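K.L.:
Got a predicted structure here, sequence first:
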Amino acid sequence: MVTSAQIRAARGLLNWTVRDLALKAGVHRNTVTRAETDATGPGHALVAIVSALVAGGVSFDLADGNGVGVRLRD
């Protein structure tokens, strides 16, 4: 599972604002903010956010299942 810290870091790596990510994910910017602060649980909105970040070029390191990192793909 991707953590809220990974979502914030991924957005930062892409130099996207909350609004940028919300538009790309098709969700409200408040939803992005909630996802970045652990104020929302798993669901379709979180899947859309993570999918948008991956499409933008981010790779999430989930080696141990606890969400240990994020990086830009080569």
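P.N.:
Happy to help now that I have it.
K.L.:
The biggest helix by length in the chain: how far from the chain's middle?
P.N.:
Ranked by residue count under DSSP state H, the longest helix found in the chain is helix 44-55. Helix 44-55 has its C-alpha centroid displaced from the chain centroid by 6 Å (Cα atoms, centre = their mean, to the nearest Å).
K.L.:
Can you list the buried residues in that helix?
P.N.:
Neighbour-count burial for helix 44-55 flags 45-46, 48-50, 52-53 (criterion: 16 or more other Cβ atoms under 10 Å). Every residue, glycine included, has its C-beta placed from N, CA and C.
K.L.:
So what's the model's average confidence on the helix or strand just after it?
P.N.:
Downstream of helix 44-55, the first helix or strand assigned by DSSP states H and E is strand 58-61. The average pLDDT within strand 58-61 is 90.
K.L.:
Tell me which other helices or strands strand 58-61 touches.
P.N.:
helix 4-13, helix 44-55, strand 69-72 (3 or more Cβ pairs under 8 Å, 6 or more residues apart in numbering; DSSP states H and E).
K.L.:
got the contact list for it?
P.N.:
Contacts to strand 58-61, defined as Cβ atoms under 8 Å, 6 or more residues apart in numbering, come from residues 2, 6, 10, 13-14, 50, 53-54, 67-73.
K.L.:
mind checking pLDDT for residue 64?
P.N.:
Looking at residue 64, its pLDDT is 59.
K.L.:
sorry, back to before: in JSON lines, list the helices and strands packed on strand 58-61 along with distance to residue 33.
P.N.:
Shown next, in JSON lines, are these (distance: least, Cβ to Cβ, whole Å):
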{"stretch": "helix 4-13", "distance to residue 33": "10"}
{"stretch": "helix 44-55", "distance to residue 33": "11"}
{"stretch": "strand 69-72", "distance to residue 33": "18"}
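K.L.:
Could you export these as a markdown table, including distance to residue 30 and mean pLDDT?
P.N.:
Shown next, in a markdown table, are these (distance: least, Cβ to Cβ, whole Å; pLDDT from 0 to 100):
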| stretch | distance to residue 30 | mean pLDDT |
| --- | --- | --- |
| helix 4-13 | 14 | 94 |
| helix 44-55 | 10 | 96 |
| strand 69-72 | 22 | 89 |
